[in-house]
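J.: build me a structure from this.
(2 chains)
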There are 2 protein chains.
Amino acid sequence: MLGIDPDPGELWPSAAADAAEGPTGTHAAAAAVLAHCRALIDATAPACVAVKPQLARFELLGAPGWGALEAVIAHSRSRGLLVIADGKRGDIDVTARAYALALGAGADGPFGRVGGLGADLVTANPLMGRDALQPFVDAARAQNTGVLVLVRTSNSGAADIEDLELAGGGTVWERAAMLVHGLGGDGVGAAGLSDVGAVMGATEPWHLERARELMPSATFLLPGVGAQGGRVEELAAAFSPGRAGGLVSASRSIAGAYRARGGEPAAAARAEAERLRESAWALSTVR
Amino acid sequence: MLGIDPDPGELWPSAAADAAEGPTGTHAAAAAVLAHCRALIDATAPACVAVKPQLARFELLGAPGWGALEAVIAHSRSRGLLVIADGKRGDIDVTARAYALALGAGADGPFGRVGGLGADLVTANPLMGRDALQPFVDAARAQNTGVLVLVRTSNSGAADIEDLELAGGGTVWERAAMLVHGLGGDGVGAAGLSDVGAVMGATEPWHLERARELMPSATFLLPGVGAQGGRVEELAAAFSPGRAGGLVSASRSIAGAYRARGGEPAAAARAEAERLRESAWALSTVR
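T.: Numbers count the residues shown, from 1 in each chain, chains lettered A, B, ... in the order given. Reported below is the predicted structural model:
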């Protein structure tokens, strides 16, 4: 799965060259980012099931950036890809509902249907508890989409809060996993997977067996492969429910593959995306 | 302090009436929301020190919504108000940095300076730990702005994760408070307040004394007054460092004051904002 984290300072040479001759400013940056993202999606679509745009990168380009994000999502859909809006939002109920609609189907009101990125899945933060997650789950069920809740993230700072040991046993992240399992129980589909999944960092795979015990029906989004150091070969536990049990996400290692492998950016990105796909499928076949 | 959470279905009659005669769709909704927000800011500016736009409400209006947010911030600045961008973001380091720049001063690169909402303060989520918060602190210090970290929120779901008791004593939220204090130590200014503050829900004021012990130099953002049930009179501990130690935030109770009090929306909002200010100042004078 392709993570889309475009940095205007690290666009593919084709998009950067077009931009170098044009105007500067936020609109120009958003146009160049969009050209880069389209080329990246076109190169890797045959080897991916989904794209995961990182919302921060588009917000950094203001209103034109939000427009570019909408275009990136439309382009991804035209290539048959699922879209995961990675914003890690979390807030009180009325606000969580606004986020869920903003990233999902939009809202109905006196101005008709407004907004809505149309994402198939969104990431959400569980710190504020069940009533802050429920609006995402409710919106997902109304829209036939899904939610991926942060459970144990891929960064070293995860030790500061997520790994804290609780007085009653277990850790904070295991409690978040229980929340995910509880919220997802009513949303388990025919394939045995729930519409409430979990973000499980790929950098510390020894957590995955325990996470699978706590969340037997959850799809695991597995970021941190590549630039952050995670290795697909260590993620077998994620795939125990089948191929769809794990979504392996890589961003910089795909977009920047040409720097490591040499060659043309599109071909290198495609090759790296295919390598990740084959590695992940090999795991799911073994089990 | 004025929380700005505009719902296109609950605009002031003046903005709603203009809109009723015009087109529908996301652009029209964003224009009406902007008109509503400008009127709300004009009415309450003399009784407020800051505005706190809720980013979810603007994201729900897509690219036009982000443009409206930029205009709301510019209008607030023209009235001399501080701006708190309430997005509760949290992500790995490179992404946290992108959020900090997106909500702050923007980023420099091959397209010149791009983006940047220009907020004075941003809210951030501590779940992912210190390395996910540090980019917000670094950006704040480079920009002479500040960060407000979620410590104990105003919703009932705060009990699910934030209130969990730890094996070593204390709770998850107290550990988040220690993170805030640690991050803020180098940023304490002449007034004795740090550039790293805390979001402490006003709905459960018995936490404030303990929070003040753990974070003696932190500004407390106090949401949850009014519609969520919090009462200013119970927030004295927040103000122990002085008037600037607490920022009392109310949204729906100000914008919707005319429904409870009767009268014209602008006058009712101003009266409610003044009442909150007087209540808060009375507390800080007593101590």
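
J.: so what does the helix or strand of chain A with the lowest mean pLDDT touch, helix or strand wise?
T.: Of all helical and strand segments in chain A, the minimum by mean pLDDT, DSSP states H and E falls on helix A:13-20, at a mean of 81. Helices and strands touching helix A:13-20, by 3 or more Cβ pairs under 8 Å, 6 or more residues apart in numbering or on different chains; DSSP states H and E, are helix A:26-44. For the C-beta atoms, the positions are set from N, CA and C on the backbone; glycine is no exception.

J.: so which bits of the helix it packs on are buried?
T.: Taking 16 or more other Cβ atoms under 10 Å in any protein chain shown as the basis for neighbour counts, the residues of helix A:26-44 that come out buried are A:26-41, A:43-44.

J.: so which of these also contact chain B?
T.: Among the buried residues of helix A:26-44, the residues that sit close to chain B (Cβ under 8 Å from any Cβ of the partner chain) are A:26, A:28, A:29, A:32.

J.: strands along the stretch 101-250 of chain A, start to end?
T.: A:107-109, A:112-114, A:121-124, A:146-152, A:196-200, A:220-222, A:246-248 (DSSP state E, counting those that start in this stretch).

J.: can you report how many residues neighbour the nearest residue to residue A:20 once chain neighbours are set aside?
T.: Nearest residue to residue A:20, sequence neighbours excluded (Cβ to Cβ, 6 or more residues apart in numbering or on different chains): residue B:110, at 7.2 Å. For residue B:110, the neighbour count with other Cβ atoms under 10 Å in any protein chain shown is 16.

J.: show me the contacts for residue B:110.
T.: Going by Cβ atoms under 8 Å, 6 or more residues apart in numbering or on different chains, residue B:110 touches A:8, A:9, A:16, A:19, A:20, A:24.

J.: need phi/psi at it.
T.: With angles defined as degrees, to the nearest 10, residue B:110 shows backbone torsions of phi -60, psi -20.

J.: where's it relative to residue B:118, distance?
T.: Between residue B:110 and residue B:118 the computed distance is 22 Å (Cβ to Cβ, to the nearest Å).

J.: just the closest residue of the stretch 151-287 of chain A to chain B, please.
T.: Proximity of the stretch 151-287 of chain A to chain B (Cβ to the nearest Cβ) peaks at residue A:157, 2.6 Å away.

J.: on that earlier part again, now do the least confident helix or strand of chain A against helix A:26-44, angle only.
T.: Angle, helix A:13-20 to helix A:26-44, by axes from the mean of the first three to the mean of the last three Cα atoms, to 10 degrees: 160 degrees.

J.: would you mark the buried spots in helix A:13-20?
T.: A:15, A:16, A:19.

J.: pull the residues that contact that helix.
T.: Counting by Cβ under 8 Å, 6+ apart, the neighbours of helix A:13-20 from elsewhere in the structure are A:11, A:28, A:29, A:31, A:32, A:33, A:35, A:36, A:39, A:265, B:110, B:111.

J.: closest one to residue A:142 out of those, please.
T.: Within the contacts of helix A:13-20, the smallest distance to residue A:142 is 31.4 Å, found for residue A:33 (Cβ to Cβ).

J.: correct me, but residue A:67 touches residue B:64?
T.: No. Counting by Cβ atoms under 8 Å, residue A:67 stays clear of residue B:64, with 9.3 Å between them.

J.: would TSV of the contacts of helix A:13-20 with distance to residue B:219 be doable?
T.: Supplementary listing: these in TSV, determined by distance: Cβ to Cβ, whole Å:
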residue	distance to residue B:219
A:11	39
A:28	38
A:29	33
A:31	39
A:32	39
A:33	35
A:35	43
A:36	40
A:39	45
A:265	46
B:110	37
B:111	35
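
J.: and those, which two are furthest apart?
T.: Pairwise distances among those were taken by Cβ to Cβ; the largest, 20.5 Å, belongs to A:28 and A:265.

J.: now the helix or strand where residue A:75 lies: buried residues?
T.: When secondary structure is defined using DSSP states H and E, the element that contains residue A:75 is helix A:62-78. For helix A:62-78, the buried set under the neighbour-count rule, 16+ other Cβ under 10 Å, comprises A:62-73, A:75-76.

J.: and residue A:68, how far is that from chain B?
T.: Here the criterion is Cβ to the nearest Cβ, to the nearest Å. By it, residue A:68 lies 9 Å from chain B.

J.: surely that residue touches residue A:38?
T.: No. Residue A:68 lies out of contact with residue A:38 (Cβ under 8 Å); the separation is 9.9 Å.

J.: picking up where we left off before, quick one, which of the strands of the stretch 101-250 of chain A is nearest to residue A:57?
T.: Across those, residue A:57 has its closest neighbour in strand A:121-124 (14.2 Å, Cβ to Cβ).

J.: and that closest one, how far out from the chain middle?
T.: Here the centre of mass of C-alpha atoms in strand A:121-124, compared against the chain's by Cα atoms, centre = their mean, to the nearest Å, lies 7 Å away.

J.: partners of that strand in the sheet?
T.: strand A:82-89 (parallel), strand A:146-152 (parallel) (DSSP bridges).

J.: where is the longest helix in chain A?
T.: With residue count as the measure and DSSP state H as the assignment, chain A has helix A:265-286 as its longest helix.

J.: ok so, going back, the strands paired with strand A:121-124 into a markdown table, with extra columns for mean pLDDT and mean neighbour count?
T.: Output for the strands paired with strand A:121-124, formatted as a markdown table (pLDDT from 0 to 100; neighbours: other Cβ atoms under 10 Å in any protein chain shown):
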| stretch | mean pLDDT | mean neighbour count |
| --- | --- | --- |
| strand A:82-89 | 98 | 26 |
| strand A:146-152 | 98 | 27 |
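
J.: take those and write them to a markdown table, including distance to residue A:169.
T.: Putting the strands paired with strand A:121-124 into a markdown table (distance: least, Cβ to Cβ, whole Å) gives the following:
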| stretch | distance to residue A:169 |
| --- | --- |
| strand A:82-89 | 27 |
| strand A:146-152 | 17 |
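
J.: minimum distance to residue B:254: which of those has it?
T.: The nearest among these, by Cβ to Cβ, is strand A:82-89 at 24.3 Å.

J.: what angle separates the closest one from strand A:196-200?
T.: Our comparison of strand A:82-89 with strand A:196-200, counting by the same axes, to 10 degrees, yields an angle of 70 degrees.

J.: got a list of what the spatially most central residue of chain A touches?
T.: Most central in chain A under Cα atoms, centre = their mean is residue A:52, positioned 4.1 Å from the mean C-alpha point. Shown in contact with residue A:52 (Cβ under 8 Å, 6+ apart): A:1, A:2, A:3, A:4, A:83, A:84, A:86, A:221, A:223, A:249, A:251.
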